[in-house]
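Q: the following comprises the amino acid sequence and a computationally predicted model.
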Amino acid sequence: MSGDEAAAAIAEKCRHVPFITLSEVKPRVWITLSGCNFRCKGCFSIARYTVGKCMRVDELSQLINHAIIRYYGCNHVEEAVITGGEPTLHREYLVNLVRKLRNIASKIILDTNGFLLDDDYLDELISAGLSEVMFDMKAYDESLHIWYTGFTNKNIIENIKNASKKTKIIINTVLIPDVIGDDEIEKIAEFVSSLYKISKERIDFRINPFRSHMSSENISRDATEEDLKRAYARASKHLSDAVIGRSCVVERRIERRSGWITVFPDGEMRRRTLNDYKHMRL
């Protein structure tokens, strides 16, 4: 093994974790792994960069355990969502993390851009305990996808098709006015509709509004309620159950406003709302 290969092997034993997040509504945890292969022009996540503390799987699982016991008074949560950044960058790490989460979560969800999640990788994750996959589908048109992310989406489309045969999947798309607009939303909805013929379970399609103040680049304006209604109408030509709302749509079904509890690698807990996220620097 060369020096570079040895360094890569060591690096894959840990991943940088800026924070984990607890729901104020029900026992749920989001685990944020930083670093991403995409460079999306409209990305709002600070976790696209390598930020936070480099943690081994056992360290991270201890942080999660201590946080949920301290905050919820129990050692089990309804859901654990592994997000980023891009969680699939280091396969062995992710598989081991899913195995650890089986002991503390009834449902384990992977939030991914889907680029690396091929057939074998998905099978290994499902065997480890993965319950469902949430695909962040940036665009259906390949040239638009390349412009927006820097990568083709051909393998992503195939990976989504494959996953739909094996597990529960959710597809999220951000409505970005004049960039990922009504036409593109309809193309994605039509693609989702085509999956119903082969899917193992119901597929949710969620249209999420772009928020310009959260974005790293000035590529568009905010998506308005009217924008969302038009996009929903286009999607509804192919789907009867498209959902408008953020990826954490479960939280929005509760009528009271809520935030989240951010837990940092050193154990510090801090309440935040979505508006705090952009200004958080770690």
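A: Yes, it's here.
Q: name the helix or strand of the chain that has the lowest mean pLDDT.
A: When each helix and strand of the chain is scored by mean pLDDT, DSSP states H and E, helix 249-252 comes last, with a mean of 42.
Q: tell me the pLDDT of Val51.
A: In this model, Val51 is scored at 93, pLDDT.
Q: what is the neighbour count of it?
A: By the criterion of other CB atoms under 10 Å, Val51 has 19 neighbours. Any C-beta I mention is one placed from the backbone N, CA and C, and that applies to glycine too.
Q: correct me, but it touches Leu33?
A: No. Using CB atoms under 8 Å, Val51 makes no contact with Leu33, being 10.6 Å away.
Q: grab the most central residue of this structure for me.
A: With distances taken as CA atoms, centre = their mean, the chain has Asp111 as the residue nearest its mean C-alpha position (2.9 Å).
Q: assign the closest residue to that residue other than its chain neighbours to helix, strand or coil.
A: Spatial nearest neighbour of Asp111, excluding adjacent residues (CB to CB, 6 or more residues apart in numbering): Thr83 at 4.0 Å. Thr83 falls in the strand class when you classify it by DSSP: H, G, I helix; E, B strand; the rest coil.
Q: please name the residues that touch Thr83.
A: Applying CB atoms under 8 Å, 6 or more residues apart in numbering, we find Thr83 in contact with 30-33, 47, 111.
Q: any stretches of the stretch 1-150 of the chain with poor pLDDT?
A: Where the stretch 1-150 of the chain drops to pLDDT under 70, the residues are 1-12.
Q: show me the helices in it, by range?
A: Ranges of helices in the stretch 1-150 of the chain, per DSSP state H, counting those that start in this stretch, are 3-11, 57-72, 91-101, 119-128, 142-149.
Q: out of those, which gets nearest to Asp204?
A: When these are compared by CB to CB, helix 119-128 sits nearest Asp204, at 18.1 Å.
Q: where's the closest one relative to the chain centroid, distance-wise?
A: Chain-centre distance of helix 119-128: 17 Å, with CA atoms, centre = their mean, to the nearest Å.
Q: what's the answer for stretch 109-124, then?
A: 12 Å.
Q: quick revisit: common neighbours of Val51 and Leu33, please.
A: His16.
Q: before we move on, back to that, hey, which of the helices of the stretch 1-150 of the chain is tucked in deepest?
A: Among these, the stretch with the highest mean neighbour count (mean count of other CB atoms under 10 Å) is helix 91-101, at a mean of 20.
Q: okay, it in PDB with CA atoms only?
A: Only the C-alpha atoms of helix 91-101 are listed here, as PDB (Å, rounded to 0.1, in the frame of the first residue of the first chain):
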ATOM      1  CA  ARG A  91     -18.700   3.300   2.300                       C
ATOM      2  CA  GLU A  92     -17.200   1.300   5.200                       C
ATOM      3  CA  TYR A  93     -17.900   4.200   7.600                       C
ATOM      4  CA  LEU A  94     -21.500   4.600   6.500                       C
ATOM      5  CA  VAL A  95     -22.200   0.800   6.700                       C
ATOM      6  CA  ASN A  96     -20.700   0.600  10.200                       C
ATOM      7  CA  LEU A  97     -22.700   3.700  11.300                       C
ATOM      8  CA  VAL A  98     -26.000   2.100  10.100                       C
ATOM      9  CA  ARG A  99     -25.200  -1.000  12.100                       C
ATOM     10  CA  LYS A 100     -24.600   1.000  15.200                       C
ATOM     11  CA  LEU A 101     -27.800   3.000  14.700                       C
END
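Q: between that helix and helix 57-72, how many degrees?
A: Between helix 91-101 and helix 57-72, the angle comes out at 40 degrees (axes from the mean of the first three to the mean of the last three CA atoms, to 10 degrees).
Q: do a quick rundown of the strands in the chain.
A: Along the chain, the segments classed as strands by DSSP state E run 14-17, 20-23, 28-33, 53-56, 77-84, 105-112, 132-136, 168-175, 204-209, 243-244, 260-263, 269-272.
Q: need those strands in JSON lines with distance to Ile219, can you?
A: JSON lines is the format used below for the strands of the chain (distance: least, CB to CB, whole Å):
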{"stretch": "strand 14-17", "distance to Ile219": "26"}
{"stretch": "strand 20-23", "distance to Ile219": "26"}
{"stretch": "strand 28-33", "distance to Ile219": "23"}
{"stretch": "strand 53-56", "distance to Ile219": "31"}
{"stretch": "strand 77-84", "distance to Ile219": "21"}
{"stretch": "strand 105-112", "distance to Ile219": "22"}
{"stretch": "strand 132-136", "distance to Ile219": "17"}
{"stretch": "strand 168-175", "distance to Ile219": "11"}
{"stretch": "strand 204-209", "distance to Ile219": "14"}
{"stretch": "strand 243-244", "distance to Ile219": "21"}
{"stretch": "strand 260-263", "distance to Ile219": "26"}
{"stretch": "strand 269-272", "distance to Ile219": "25"}
